[in-house]
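Participant: next comes the sequence, and after it the predicted model I'd like to discuss.
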Amino acid sequence: MAEACRPTAVRLGRECVAACCQALGDRVVDGPYENAYWVEIAAHGQVGWISAVYVRGGADNQPVPGVPGPASCV
């Protein structure tokens, strides 16, 4: 994550993790949900990307509300 990143809390299931940014990528479909946005998260000492399909809140094929866009990504 970028040093200037100010993480936003997002929920993955029952867990709350830090999200720094989001960007468009490959579309993921899981059951009735689909999204092409990917969110950079930090949890348990690890940093990685997860499909927005697995982040609570927001709508299909839309960015996750409150998470900065691609300009915040490293």
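Facilitator: In hand now; what should we look at?

Participant: so who does V67 touch?
Facilitator: By Cβ atoms under 8 Å, 6 or more residues apart in numbering, the contact list for V67 reads T8, V10, A19, C20, C21, Q22, V39. C-beta coordinates here come from the backbone N, C-alpha and C atoms, glycine included.

Participant: what's the separation between it and G58?
Facilitator: According to Cβ to Cβ, to the nearest Å, V67 and G58 sit 9 Å apart.

Participant: likewise A43?
Facilitator: Distance of A43 to G58, computed by Cβ to Cβ: 19 Å.

Participant: when the two are compared, which one has more neighbours?
Facilitator: Between A43 and G58, G58 has the larger neighbour count (other Cβ atoms under 10 Å), namely 19 against 14.

Participant: which parts of the helix or strand harbouring E34 are buried?
Facilitator: Using DSSP states H and E, E34 falls within strand 33-43. Buried residues in strand 33-43, defined by neighbour count with 16 or more other Cβ atoms under 10 Å: N35, A36, Y37, W38, V39, E40, I41.

Participant: ok, the last one to Y33 distance?
Facilitator: Plainly put, I41 is 17 Å away from Y33 if you go by Cβ to Cβ.

Participant: show me where the protein has its strands.
Facilitator: 8-12, 15-30, 33-43, 46-51 (DSSP state E).

Participant: contacts for the strand holding E34, please.
Facilitator: 1, 7, 10, 12, 15, 17-28, 47-53, 55, 58, 60-64, 67, 73.

Participant: fine by me, we can end here.
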